[in-house]
Structures are given as structure tokens and as C-alpha cells.
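>>> For reference, the sequence and a predicted model appear below.
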Amino acid sequence: MQETIVLYPSPGLGHVFSMVELGKLILHHYNNRYSITILLTTGFWDTPTIISYINSVSQAFPSISFFRFPSISIDLSQNCSGAAIAFHFIHLHAPNALHSLQQISKSQKISAFIIDLFFTAALSMGKDLNIPTFYFFTSGASTLAVFLQIPKLDKQTFGRSFKDLPNTVFHFEGVPSLRAVHMPEPLLDREDPAYHDFMYFMSSLQQSDGIIVNTFEDLEPISIKAIAKGLCLPDAPSTPPTFYIGPLIAPSKHEAENDYCLSWLEKQPSQSVVFLCFGSHGTFYPP
């Protein structure tokens, strides 16, 4: 029976890009021993760009196939955060994800199931089907170190929201201290449904068969060392195996522009440049 690895990205072009690049890396590393099957939700953040991108990948990489779910529509006018809406949409697709895994298993052996951070509900699906299940964490080792420690902090705040703790500074293993009010937006307010989904995700990281991280040791040595030593999960029996596979970067159509940027960077004094990565929807507020 042919072996496949199933990838399950969150909605949004950036998440799909990342998973596809991971799939390409797996094909290259294992010399096409596995095929890659990518599950895709539909009905939220769908764009012509995604459809065009999927078609181009399918043509260029025959070993990568896409399993699209039936479309689900949700009410975007509801008074919820974007993260809460995304989690709700993903919960609605849970039956489709389970059905897809069951259907794929009839014709192929699923050697691994790799899920995006929003798909914590899929972790139990993989476990129930005896499929090794891994998280793909694209935000780097520093963020992973923080996320592994936040559930413990949650218990220490005695029911108060982080946004209501302006003078509280959290001290993390492997990363600099961080004010409570500077935590990621979905974690600031306990009343936001996304808060509890994020807590569930962060608590579930240690239950996975491993965490794949898009970073490399020379970029984040302190965070990686803290995770490896178990400092971020001191009360857990062990930290899940963690695999650092970065830098995983999609090919650029603007090579000349990239060459100019790198040439400029080489001319700057050592440690004088700060790199801010906005992602596809991220923003930074002025100090």
C-alpha cells in the first residue's frame, strides 16, 4: 500500500504556503518515498489566489494532491474576534477532516498527520486512528517556548485577563521577559472564545508525537536550548520531540530585489538591524 503524509493547514494563504513548502521538503528529504496529501477547508478566506496557487502546485508536483472539503459558510457579522471566527470555522470542519482521514486510509497508509496550530481538535482524530500526529509550528522557537509556558501562567493569574494586568511582567525560560498586556491579542481577554481555544492548543502541544518548527539553531539558540532541556515544561514527564527544519521559505519571484536587500544588509554594522516579520495579517503598533 502506498504511503502518504497528510498535512492540514489553517485557512489563509500564508498557512497553505507554509504547508506546501513543508510537503516539498518532505518529498526532497525522503526522495519521494511518500506522497503528500493536503486537506483544505473551503468557505473562509478563499481567494482566487489560493485556487491558482493550488493548481500550479498540482501541476509542478504530481506527488502533492489536495483534498478539498465541502464549503461551509459562517456569519462574519457576529461580534467576535477574527481568531474566534477562525476557530469556530475550523470546529465546523472537524467532521470533514475525520471523514477525509478515513477515506484516505482506505487506499493509502497514512504514515504521519501534520496539523497547523489551529487544528488541535484534529490531534485526537490522529490518535484515535493510530496515526502519528505532529504540530507544524511556523512562528519560531521563541514563540513555542512562550506557548509551552502560558498554560501554567494562566493558572497563576486567578481568573484575571492579561489585559487587566498592566504592571505584571511574565518571566519565561528561553526568552526575554514580557508584559502581560503585550501578549498576543487572542490571549488578552478571557471573555474572548479564542482565548480558551488557544489555551487548549497550548496545553495539547505536549500530547503530540512531535513539533516541527520553522527555525534553525543559529537563529534562536537560547530558546531551542531551553525547550531541549525541558525548562519550558518543568512539570511534564518530557517535552515532545522537536524538529527544527528551517529556514523554510517559499521561492520568490523577486530575486533581484532579494539580492539588493541582502547586499544592503551585509553593509550594516553587526547587530544593528531588527527584522520584523508581519506575516499575511500581522501588524505592529507604534510604541
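Noted; the coordinates are in hand. Residues are numbered from 1 along each chain as shown.
>>> Tell me where the chain has helices.
With DSSP state H as the criterion, the chain has helices at 13-29, 48-60, 82-92, 94-107, 121-128, 140-156, 193-204, 221-228, 255-266.
>>> Specify the beta-bridge partners of residue 179.
residue 169 (DSSP bridges).
>>> separation between it and residue 103?
47 Å (C-beta to C-beta, to the nearest Å). (Each C-beta comes from the backbone N, C-alpha and C, glycine too.)
>>> cool, and residue 264?
If you go by C-beta to C-beta, the gap between residue 264 and residue 103 works out to 50 Å.
>>> Kindly report the same for residue 145.
According to C-beta to C-beta, residue 145 stands 37 Å off from residue 103.
>>> And for residue 98, the neighbour number?
A total of 17 residues lie near residue 98 under the criterion other C-beta atoms under 10 Å.
>>> For the residue nearest to it when sequence neighbours are not counted, the count of nearby residues, please.
Using C-beta to C-beta, 6 or more residues apart in numbering and skipping residues adjacent in sequence, the residue nearest residue 98 is residue 125, 5.2 Å away. For residue 125, the neighbour count with other C-beta under 10 Å is 20.
>>> Output the helices of the chain as TSV; include the columns distance to residue 239.
Shown next, in TSV, are the helices of the chain (distance: least, C-beta to C-beta, whole Å):
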stretch	distance to residue 239
helix 13-29	21
helix 48-60	33
helix 82-92	25
helix 94-107	26
helix 121-128	16
helix 140-156	8
helix 193-204	13
helix 221-228	6
helix 255-266	34
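>>> ok, of the ones you listed, where does mean pLDDT dip lowest?
For the helices of the chain, mean pLDDT drops lowest on helix 255-266, to a mean of 79.
>>> Leaving out the residues flanking it, which one is nearest to residue 162?
With sequence-adjacent residues excluded and distances taken as C-beta to C-beta, 6+ apart, residue 162 is closest to residue 180, at 4.2 Å.
>>> now what about stretch 44-58, what contacts it?
11-13, 16-17, 20, 40, 64-66, 72, 74, 85-86, 89 (C-beta atoms under 8 Å, 6 or more residues apart in numbering).
>>> how distant is that stretch from the center of its chain?
19 Å (C-alpha atoms, centre = their mean, to the nearest Å).
>>> pretty sure residue 38 contacts residue 67?
Yes. Assessed by C-beta atoms under 8 Å, residue 38 is found in contact with residue 67 at 6.9 Å.
>>> So those two - more neighbours on which side?
Each of residue 38 and residue 67 has its neighbours counted (other C-beta under 10 Å); residue 38 has more, 23 against 17.
>>> give the contact list for that one.
6-9, 16, 19-20, 23, 64-67.
>>> who's it bridged to?
Beta-bridge partners of residue 38, as defined by DSSP bridges: residue 7, residue 66.
>>> gap between it and residue 241?
According to C-beta to C-beta, residue 38 and residue 241 sit 23 Å apart.
>>> coming back round to it: out of the contacts of residue 38, which end up buried?
Neighbour-count burial (16 or more other C-beta atoms under 10 Å) applied to the contacts of residue 38 gives 6-9, 16, 19-20, 23, 64-67.
>>> can you list the residues you listed in a markdown table and add distance to residue 140?
As requested, the buried ones among the contacts of residue 38 are exported to a markdown table (distance: C-beta to C-beta, whole Å):
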| residue | distance to residue 140 |
| --- | --- |
| 6 | 24 |
| 7 | 19 |
| 8 | 20 |
| 9 | 17 |
| 16 | 19 |
| 19 | 17 |
| 20 | 19 |
| 23 | 20 |
| 64 | 25 |
| 65 | 29 |
| 66 | 27 |
| 67 | 28 |
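>>> What is the nearest of those to residue 200?
Minimum distance to residue 200 across those is 16.5 Å, recorded for residue 8 (C-beta to C-beta).
>>> Do you know the pLDDT at that closest one?
96.
>>> just to revisit the earlier point, figure out which of the helices of the chain is closest to residue 213.
Across these, closest to residue 213 is helix 140-156 (C-beta to C-beta), at 5.7 Å.
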